[in-house]
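Asks: okay, predicted coordinates and the sequence, questions at the end:
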Amino acid sequence: MEKPRLLCVALIALFFACNPDRGYSQIASVQQPATTITDTLSPSQLESQGYKVVGVAVDDPFAFLPYISKRRNSLVTRLNSLLLNQPYTFDRARTQALQLIAQSGLTPTSDYGFEFVIQSLQIEDVDTHASTLKLRYRILSVAPPYDLGGALESQRTSQTAPQNAAGVSQLYHYSLIPQIAYNRASGLLGGGTFNATPTGQLSRFIRSVSISGSGSDNTRDIDAAVSGSFHSLGIFTDTNWHLDYTNHAAPVRSSSIASASLSAQLNTQTRPFWDNSAFFRTGFLVQGGNEQGRLFSALLSPDTVANTGDGSIRLYEGLSQFSRHNVLSVSYGLELGSTSPASRIDWRKHIAEVSNDSWWNIGDHRPFELESSLNVGALQVPGHVPLAERFFGGNAEHFFIPNDTWQIHDQPYIRAIPANQLSNAIQGLGGDTFASVNLTLSYPFLVRPLVPKDVTSDPAVHTAINGALVSAQSLEQVYYEYKDPNYSAAASLLPAVLISLTQLKTDLTTARNAASNATLDFDDCSDAIGDATVMVSDALSEKNMTQYGSVTSLTNLTANDDDRLGTVQQYCGDNLNATLNSPALATDLTTIATQRTTLLTNLNKIDAPTAQKKAAADLSLARKTLNTLFTEINIVSLAPVAVLDITRVGSAQSVGTRVGPGGGLRLELASYVDFTLGYAVNIFRQPGEDYGAIFFSMHFRNLFH
């Protein structure tokens, strides 16, 4: 028995999905030729010598998800019916089997980005004595959204939930994700998130609906959100909108704070620049609600109110830069708030954060990772500010934007102190400035890669992927050229061209019937008119990018185009009417020549260099996403972590600085849970503070399968 190397890469397809009304490119495919590598017999020899299939297997890296596993098992059953104990044939093993795979529902589709599908066939366990073999099909498919391309948040999503970053989770339209966490101030917290992804026409407007909640006897966090997104061809390519309702309550030393609010936000990001490695993000949020505080022994500063209605506007912007092993994010947020109906500003809050994730592979799929962030904030109060808007430090994370695709910490974060317990009470509860540095180091000693090493290390697969990406960039460039206004001007001429061709055909029939010269060749002219008419008619009936090829084929825009109108001029004018001298044909041909020139002029005005730059920018994010998912991500990872937090919270006359080193263990099971447990020491503790704190979180995966 022998196990030959990969015998054939059966199919590689790269798709670009689009919703025409949103401006996405058409679905297109690029098929690479089969590659044969064999030590003994080629596939054609296996077929001609009557080898029998005695085993069929299907590998999908996302089969750790129960709903993917179920579909894969169903596919295996259908493939067994087709192939098992049957003679090996190229048509059955490749063509028919890949059709079944395409119909299996294992390949995600995307209205928010690109689709990448690899389907490969490996022939193994070839027994030359028994004339038997086994077939193994590998499916690698992703459809990540555009807005998960290069941000720091998307990198972390890829690590903790690769199925979300790959778009595979969309194959199931509902999710219920429980959550357990512990904090000494709040106790044991339990809760979860329900998320629904609309289908059909509703999905054109709403991307997701989610409800999340967690709490204990003294803490609650409730969030309900509706969100959507759209893609455009301008400078700002991807825009997200969110409607959120939040309800929050938490203890602060011997007191408590609570808030409830309704907000609407709009976030957008630019096309990548700086060698397609960076992009700019910006957005705003409008919020209204009320804040409550229950004060016991704590002081309340004169400019702070415990219970009040309020409204605010938040403006934020950021820059993200990514490379192969580093993601940098710089963000700034400004909040302008008021506690009264009058149009005045009662407080201004400034938040800035610089976060950086770097990782170096030391061994296969074993990244040494450093997560670092610097976060500062300042509060200015010309009027009055709700207590909940002040700064309270601790080991619970709070964010400036209620949106997990862009996270800016708006409270000092230190894992050595329980949530909201680092607050200055000399001038009143809560600080008005803070600075925080957070470092996390980790290195996994137990890993299981998402994609098997024998696939990621295969040169044939890498060559095919790179070739498909290059072809896909060409297709994306054509898409941007199709959206150019000059192309629209060219396409608008089609009805007039069709009328001219119809008139030319009528006049040709009249001229043929009246001709006395039997040697004249009317057939070539008639065929040329027929071909051009079919092309124009097809173009008029086609939609989106498929029309582009028909329109460009009417001229000699490129050397590969057919130039159907030029052919009409050649056979009907240069070859036929040069001898026939029909005034009617001459008039018709002059009209068509003018229309062809106008078509070509408009097509030549298309800004191809800009279209090429836009396509390259789109594919830069695709390349990064694919590289991360296929060569770096693990579905099982066990790693020790070391942490260091340095936090300074202050008011006008008092400053408190804390340092919290610590360590713990992080377990990530992509199919089930993300678990972190550790302890951090409070080195410069003050009276009333503990020596340190446990930090613990447990995030489960979807329960609906």
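Replies: Arrived safely, thanks for sending. Numbers count the residues shown, from 1 in each chain.
Asks: hang on, Phe630 is in a helix, isn't it?
Replies: Yes - Phe630: assigned to a helix according to DSSP: H, G, I helix; E, B strand; the rest coil.
Asks: if I pick it, what's in contact with it?
Replies: By CB atoms under 8 Å, 6 or more residues apart in numbering, the contact list for Phe630 reads Leu140, Leu450, Val451, Thr456, Ile465. Quick note: C-beta positions are derived from backbone N, CA and C, even for glycine.
Asks: can you check the pLDDT for the residue of the chain positioned farthest from its centre?
Replies: The centre of the chain is farthest from one residue, Ser516, which by CA atoms, centre = their mean lies 68.2 Å away. Looking at Ser516, its pLDDT is 80.
Asks: could you do Val9 as well?
Replies: Here, the pLDDT recorded for Val9 equals 29.
Asks: got it, and Asp21?
Replies: 31.
Asks: then the host helix or strand of Ala615 to PDB, C-alphas only?
Replies: Assigned by DSSP states H and E, Ala615 belongs to helix 608-631. Only the C-alpha atoms of helix 608-631 are listed here, as PDB (Å, rounded to 0.1, in the frame of the first residue of the first chain):
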ATOM      1  CA  ALA A 608      -8.500  52.300 -15.500                       C
ATOM      2  CA  PRO A 609      -5.500  53.300 -13.200                       C
ATOM      3  CA  THR A 610      -7.900  54.300 -10.400                       C
ATOM      4  CA  ALA A 611     -10.000  51.100 -10.900                       C
ATOM      5  CA  GLN A 612      -6.800  49.100 -10.600                       C
ATOM      6  CA  LYS A 613      -5.800  50.900  -7.300                       C
ATOM      7  CA  LYS A 614      -9.300  50.300  -5.900                       C
ATOM      8  CA  ALA A 615      -9.100  46.600  -6.800                       C
ATOM      9  CA  ALA A 616      -5.700  46.200  -5.300                       C
ATOM     10  CA  ALA A 617      -6.900  47.900  -2.100                       C
ATOM     11  CA  ASP A 618      -9.800  45.500  -1.800                       C
ATOM     12  CA  LEU A 619      -7.600  42.500  -2.400                       C
ATOM     13  CA  SER A 620      -5.100  43.600   0.200                       C
ATOM     14  CA  LEU A 621      -7.600  43.000   2.900                       C
ATOM     15  CA  ALA A 622      -8.600  39.700   1.300                       C
ATOM     16  CA  ARG A 623      -5.000  38.600   1.200                       C
ATOM     17  CA  LYS A 624      -4.500  39.400   4.900                       C
ATOM     18  CA  THR A 625      -7.700  37.600   5.900                       C
ATOM     19  CA  LEU A 626      -6.800  34.500   3.900                       C
ATOM     20  CA  ASN A 627      -3.200  34.400   5.200                       C
ATOM     21  CA  THR A 628      -4.500  34.700   8.800                       C
ATOM     22  CA  LEU A 629      -7.100  32.100   8.500                       C
ATOM     23  CA  PHE A 630      -5.200  29.500   6.500                       C
ATOM     24  CA  THR A 631      -1.700  29.800   8.000                       C
END
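Asks: and that helix, how far out from the chain's middle?
Replies: 12 Å (CA atoms, centre = their mean, to the nearest Å).
Asks: give the contact list for Leu665.
Replies: Leu638, Ala639, Pro640, Val641, Thr676, Leu677, Gly678.
Asks: what's the pLDDT at it?
Replies: 94.
Asks: check Phe116 too.
Replies: For Phe116, pLDDT reads 69.
Asks: repeat for Asn420
Replies: 82.
Asks: thought it was touching Ala249?
Replies: No - taking contacts as CB atoms under 8 Å, Asn420 lies outside contact range of Ala249: 10.9 Å.
Asks: list residues touching both of those two?
Replies: Common neighbours of Asn420 and Ala249 (criterion: CB under 8 Å, 6+ apart): Ile257.
Asks: Arg253 - how many residues pack around it?
Replies: Per other CB atoms under 10 Å, the neighbour tally for Arg253 reads 19.
Asks: got it, and Val470?
Replies: Val470 has 12 neighbouring residues, counting by other CB under 10 Å.
Asks: does it count as helix, strand or coil?
Replies: Secondary structure assignment for Val470 (three-state DSSP): helix.
Asks: so where's the stretch 101-250 of the chain uncertain?
Replies: 108-116, 144-172, 233 (pLDDT under 70).
Asks: any idea how far Gly688 is from Leu475?
Replies: 64 Å (CB to CB, to the nearest Å).
Asks: more neighbours: which of these two?
Replies: Shown here are Gly688 and Leu475; by other CB under 10 Å, Leu475 has more neighbours (19 against 8).
Asks: could you say which helix or strand holds that one?
Replies: Here Leu475 is assigned to helix 459-482, by DSSP H and E.
Asks: picking that back up, next one: the residue farthest from the centre of the chain from Ser312, what distance?
Replies: From Ser516 to Ser312 the distance is 89 Å (CB to CB).
Asks: quick one: contacts for the nearest residue to Gly50 once chain neighbours are set aside?
Replies: Leaving aside its chain neighbours, Gly50 sits nearest to Pro87 (5.6 Å; criterion: CB to CB, 6 or more residues apart in numbering). Going by CB under 8 Å, 6+ apart, Pro87 touches Glu47, Gly50, Tyr51, Lys52, Val53.
Asks: for Pro87, give its distance to Ser48.
Replies: 10 Å.
Asks: swap in Thr552?
Replies: Thr552 sits 44 Å away from Ser48, going by CB to CB.
Asks: and those two? Which one has more around it.
Replies: Thr552 (25 against 12).
Asks: next one: phi and psi at that one?
Replies: Its backbone dihedrals place Thr552 at phi -70, psi -20, with angles given as degrees, to the nearest 10.
Asks: before we move on, back to that, show the buried residues in the contacts of Pro87.
Replies: If you count burial by 16 or more other CB atoms under 10 Å, the buried members of the contacts of Pro87 come out as Glu47, Tyr51, Lys52, Val53.
Asks: now intersect those residues with the helices, please.
Replies: Those of those mapping onto helices are Glu47, per DSSP state H.
Asks: for Pro61, state which of the buried ones among the contacts of Pro87 is nearest.
Replies: Val53 (24.0 Å; CB to CB).
Asks: give me the nearest residue to the closest one, chain neighbours excluded.
Replies: Nearest to Val53 is Leu83, by CB to CB, 6+ apart, at 4.7 Å.
Asks: can you check Leu262 too?
Replies: Excluding the flanking residues, the one nearest Leu262 by CB to CB, 6+ apart is Tyr245, at 5.3 Å.
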